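Undergrad: Turn this into a structure:
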Amino acid sequence: MSACSKCGSQLDGNPAYCPSCGAAVETSAGHQPSANAERGAASLRKPGMILLLLLVIGLIVYLIYINPSAHPVIKGQPVVSQTVETDTGFIASTPVRVNEKDDYLTIPLDDVIRYRIARFEYQTPTTRRAVIAYLTPEGKVVTAMSVSEHCGSTDFKLKGSHIYCAQCPSHWDMTTMEAYACCGKYFPDPIPSDVMDGNIRIQKKIVENWAGRL
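TA: Numbers count the residues shown, from 1 in each chain. The predicted model follows:
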């Protein structure tokens, strides 16, 4: 029968811990099996934890930089056409006539489908503002304030899945507004709209109250 090295209590069998004081019972080699087991388990857990951390970091990078989500306004825009074939050349904006009806500014949906990107100007009580409407490759209609405050451009054009500034090298993904080149956060600012009776409708107050981003 062995005795506890800490309190001297007699030990029956080969317990891992002393029933009297709770101290770990040393083996004849002077080691504590439970401590060794814990260290072994911890060493096995470390590679798994590192791998899990790397996977989480990789997922965050993928979602934010490689596969960013749609701009929150664009996400809610209606799909008005089947998937649109992207062009390898530039598509310049086409001026269209805007109509005022009640509290809305309206332009024909057919014009946007035909031209892919349409542009109009509206005289607010204080200033004149340009607005564009275009189709994404997924067939969504996007309406936006047609201005980049960084370079002062009020016109844009399409190429592939990107919308380009007409004055500087800046361009952005049409759906996510992920930036390429200089004017990172001064993309054409998306504003909500809907489609009714064959027309794209934008509330006047949205255009009139738009305050810019500078």
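Undergrad: For the rest of this, base every contact and every neighbour count on C-alpha atoms.
TA: Will do.
Undergrad: Trp210: what's it in contact with?
TA: Listed by C-alpha atoms under 8 Å, 6 or more residues apart in numbering, the contact set of Trp210 is empty.
Undergrad: pLDDT score assigned to it?
TA: Trp210 is assigned 96 on the pLDDT scale.
Undergrad: ok, now how distant is it from Gly8?
TA: 83 Å (C-alpha to C-alpha, to the nearest Å).
Undergrad: what residue ranges in the protein score low on pLDDT?
TA: Applying pLDDT under 70 to the chain picks out residues 1, 27-45, 56-68.
Undergrad: Do a quick rundown of the helices in the protein.
TA: Along the chain, the stretches classed as helices by DSSP state H are 33-61, 72-75, 109-115, 204-209.
Undergrad: Can you give me the neighbour number for Pro19?
TA: Using other C-alpha atoms under 10 Å, Pro19 has 15 other residues around it.
Undergrad: Please apply the same query to Met49.
TA: 11.
Undergrad: Any figure for the gap between Leu52 and Ala24?
TA: 33 Å.
Undergrad: Residue ranges of each domain in the chain, please.
TA: According to automatic domain parsing, the chain comprises the domains 2-66, 72-209.
Undergrad: Measure how far the longest one is from the centre of its chain, please.
TA: I take that to be domain 72-209. Distance of domain 72-209 from the chain centroid (C-alpha atoms, centre = their mean, to the nearest Å) equals 19 Å.
Undergrad: Can you give me the first-to-last residue distance of that domain?
TA: Length of domain 72-209, first residue to last, C-alpha to C-alpha: 19 Å.
Undergrad: Stretch 169-178 too?
TA: The straight-line separation of the ends of stretch 169-178 (C-alpha to C-alpha) is 14 Å.
Undergrad: list the buried ones in it?
TA: Neighbour-count burial for stretch 169-178, counted by 16 or more other C-alpha atoms under 10 Å, picks out 170-178.
Undergrad: Now distance to Asp155 too, for those, in a markdown table please.
TA: As requested, the buried residues of stretch 169-178 are exported to a markdown table (distance: C-alpha to C-alpha, whole Å):
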| residue | distance to Asp155 |
| --- | --- |
| Ser170 | 12 |
| His171 | 12 |
| Trp172 | 14 |
| Asp173 | 16 |
| Met174 | 15 |
| Thr175 | 18 |
| Thr176 | 19 |
| Met177 | 16 |
| Glu178 | 18 |
